[in-house]
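Novice: mind looking at a prediction? Sequence and model below.
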Amino acid sequence: MIQELAIVTGRKEVAEGIFVLRFESSYISKNVRPGQFVNIRVTDGLSPLLRRPFSICRVEENQVEFVFNVVGVGTRILASKQPGDKLDVLGPLGNPFRYEEGFDTAIMVAGGLGIAPFPFLTQLIGGKNVETFYGVASAAKLWSEHLRNVHVATDDGSAGFQGTVVALLRAYLEETKLRNAKIFGCGPTKMLQALSNFAKMSEIQCEVSLEGEMACGVGICQGCPVERAKGNKKYALVCTDGPTFNCQDIVLAA
Ligand SMILES: Cc1cc2nc3c(=O)[nH]c(=O)nc-3n(C[C@H](O)[C@H](O)[C@H](O)COP(=O)(O)OP(=O)(O)OC[C@H]3O[C@@H](n4cnc5c(N)ncnc54)[C@H](O)[C@@H]3O)c2cc1C
Ligand code: FES
């Protein structure tokens with residue numbers, strides 16, 4: 001892990017209100033793995049805010065990208081960054097997805113900005129088959145660059161299947177009878193709950209990446225608990241025990 005002032009090298013609006021920021025970091029680009037995140041300090045010019053966590057979305061040589069939409073003050077400031085500006089970045093943090101062995105097909109399931117870790121996971125997963133299930137509110141919110149075999153679900157029916165991404169996945173698996181797959185999920189808690197329940201019932205291995213609120217990002221403030229499903233300790237910390245978890249190991253409360 002490193003804390004550095006990285007230089008912003010690119011900014012692009014890739015879908016309606018969705019931005020990709022690129023920064024330069026030799027250390028993070030070499031050491032980060034899919035599922036890990038960086039914690040970025042933003043400042044409104046008066047006082048620094050708490051750091052904000054973002055999954056790493058893609059790496060190319062010494063360039064690192066993350067994707068976000070504007071939900072509050074921190075992301076509004078990030079969306080105004082331009083090439084040449086500096087970013088106070090801490091990372092890489094957390095545990096990556098376990099993607100190297102034990103399955104033939106990776107099923108990536110994203111709800112909205114939960115797509116963030118999947119371009120990088122797709123990049124590093126090698127020759128395995130990949131099927132990507134991507135649920136968004138409407139077609140204007142879709143950003144499907146750097147993904148493979150994308151199956152789209154929208155709430156309003158403006159693209160792909162109309163309904164939830166988990167319903168789309170269920171229908172696909174009933175039809176294809178795919179064997180020896182592993183699900184990787186990221187998105188809102190309610191969607192991850194539905195996905196975990198489906199994976200458990202279908203006996204498909206499944207890891208989820210949690211994106212709840214977080215502060216220090218390094219296990220100090222105890223501000224990111226998630227209930228464990230088993231073991232002596234009642235809670236795990238999303239920042240240091242996750243953000244990726246086997247869905248059997250945690251209890252998701254929406
Ligand atoms: C490990 C991890 C990885 C993440 N990766 C990404 C990513 O790649 N791209 C991305 O866009 N976001 C990601 N997030 C969420 C992101 O960190 C928050 O959206 C961001 O901190 C919001 O900052 P803000 O200052 O703009 O909003 P704030 O002003 O802090 O909050 C604005 C509103 O958004 C709500 N909010 C804030 N954070 C969250 C959250 N995590 N979930 C639901 N509601 C929230 C607040 O309750 C409030 O109502 C990630 C979170 C975690 C924990
Ligand atoms: S965010 Fe501080 S302990 Fe996890």
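Specialist: Looks like it arrived, so ask away. Ligands and ions are numbered 1, 2, ... in the order given.
Novice: can I assume residue 192 sits in a helix?
Specialist: Yes - the assignment for residue 192 by DSSP: H, G, I helix; E, B strand; the rest coil puts it in a helix.
Novice: how near is it to ligand 2?
Specialist: For residue 192, the distance to ligand 2 equals 18 Å [CB to the nearest ligand atom, to the nearest Å]. (Glycine included, C-beta is placed from N, CA and C.)
Novice: and for that residue, the neighbour number?
Specialist: By other CB atoms under 10 Å, the residues close to residue 192 number 26.
Novice: low-scoring stretches of the stretch 151-254 of the chain, by residue?
Specialist: Flagging of the stretch 151-254 of the chain using pLDDT under 70 yields the residue ranges 254.
Novice: can you give me the strands in it?
Specialist: Secondary structure of the stretch 151-254 of the chain by DSSP state E, counting those that start in this stretch: the strands cover 161-162, 181-186, 205-209, 225-228, 235-237, 244-246, 250-251.
Novice: strand partners (parallel or antiparallel) of the last one?
Specialist: In its sheet, strand 250-251 lies beside strand 225-228 (antiparallel), with partners assigned from DSSP bridges.
Novice: what are the buried residues along the strand it pairs with?
Specialist: Buried positions in strand 225-228, judged by neighbour count with 16 or more other CB atoms under 10 Å: 226, 228.
Novice: same question for stretch 233-248.
Specialist: Under 16+ other CB under 10 Å, the buried positions of stretch 233-248 are 236-245, 247.
Novice: likewise stretch 190-207?
Specialist: For stretch 190-207, a neighbour-count test (16+ other CB under 10 Å) marks 191-196, 198-199, 204-207 as buried.
Novice: farthest-apart pair in those, please.
Specialist: Greatest spatial distance among those (CB to CB): 191 and 205, at 18.1 Å.
Novice: any residue of stretch 173-185 up close to ligand 1?
Specialist: No - on the criterion CB under 6 Å from any ligand atom, stretch 173-185 is out of touch with ligand 1, staying 13.3 Å away.
Novice: chain center to that stretch: distance?
Specialist: With CA atoms, centre = their mean, to the nearest Å as the basis, stretch 173-185 stands 20 Å off its chain's centre.
Novice: how about stretch 128-137?
Specialist: The answer for stretch 128-137 is 13 Å, by CA atoms, centre = their mean.
Novice: just the mean pLDDT for it, thanks.
Specialist: Across stretch 128-137, the average pLDDT comes to 97.
Novice: report whether that stretch contacts ligand 1.
Specialist: No - Stretch 128-137 lies apart from ligand 1 when judged by CB under 6 Å from any ligand atom; the minimum separation is 13.0 Å.
Novice: near ligand 1, which residues of the stretch 51-200 of the chain show up?
Specialist: Taking CB under 6 Å from any ligand atom as the contact definition, the stretch 51-200 of the chain meets ligand 1 at 52-55, 66-69, 71-75, 113, 116.
Novice: let's go with 5 Å and repeat that
Specialist: Residues of the stretch 51-200 of the chain lying close to ligand 1 (CB under 5 Å from any ligand atom) are 52-55, 68, 71-75, 113, 116.
Novice: would you write a ChimeraX line that selects the buried entries of these?
Specialist: In ChimeraX, selecting the buried portion of those, with burial taken from 16+ other CB under 10 Å, looks like this:
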select :52,53,54,55,68,74,75,113,116
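Novice: so which of the residues of the stretch 51-200 of the chain next to ligand 1 is the closest to residue 145?
Specialist: residue 116 (12.6 Å).
Novice: distance of the closest one relative to residue 157?
Specialist: Going from residue 116 to residue 157 by CB to CB, to the nearest Å gives 24 Å.
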